[in-house]
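Peer 1: how would this look folded up:
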Amino acid sequence: MKKILIISDGVAGERFIQRTIQTYSNDNIYYIVQTKEKHYEDFNPARFKFYEFDPTSFYKLSNLLKMEFIQVFVAMNSMLDVENTIKNIRMVKKRLRVIVLNQ
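Peer 2: Model prediction:
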């Protein structure tokens, strides 16, 4: 199974997560980091794992990045938060594929 990390905040991130829940693949497990907990319906708890913390925190994000993800999607409102999150990812995983979604 492929592990995919989604780091989200704001409306664009919520829409991306909702779309992922609606169209997810059986081959993937999605780990979702949100700055504030949001409730989604009709998701498979075996395929979606939710975490609530600030992804700009190196300590918290580095603990999650101990797993072997194939890629990361970043959908955040603030470009400064996006930049700091990517820096944190790169300190732990230099070659991990990072895709940034913008509005």
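Peer 1: So for stretch 54-73, mean pLDDT?
Peer 2: Across stretch 54-73, the average pLDDT comes to 96.
Peer 1: For that stretch, measure first residue to last.
Peer 2: Its start and end residues considered, stretch 54-73 measures 15 Å (C-alpha to C-alpha, to the nearest Å).
Peer 1: Tell me which helix or strand residue 13 sits in.
Peer 2: helix 10-23 (DSSP states H and E).
Peer 1: cool, and residue 4?
Peer 2: Counting by DSSP H and E, residue 4 is found in strand 2-8.
Peer 1: tell me which helix or strand of the protein sits lowest on mean pLDDT?
Peer 2: Sorting the helices and strands of the chain by mean pLDDT, DSSP states H and E puts helix 10-23 at the bottom, at a mean of 90.
Peer 1: Which is the succeeding secondary structure element to it?
Peer 2: Helix 10-23 is succeeded, C-terminally, by strand 28-34 (DSSP H and E).
Peer 1: Can you check what angle separates the next helix or strand after that following strand from strand 2-8?
Peer 2: Following strand 28-34 in sequence order, the next helix or strand is strand 48-52 (DSSP H and E). Here strand 48-52 points in a direction 40 degrees away from that of strand 2-8 (axes from the mean of the first three to the mean of the last three C-alpha atoms, to 10 degrees).
Peer 1: for the least confident helix or strand of the chain, which positions count as buried?
Peer 2: 10, 13, 16, 17, 20, 21 (16 or more other C-beta atoms under 10 Å). Using the backbone N, CA and C atoms, a C-beta is placed for each residue, glycine as well.
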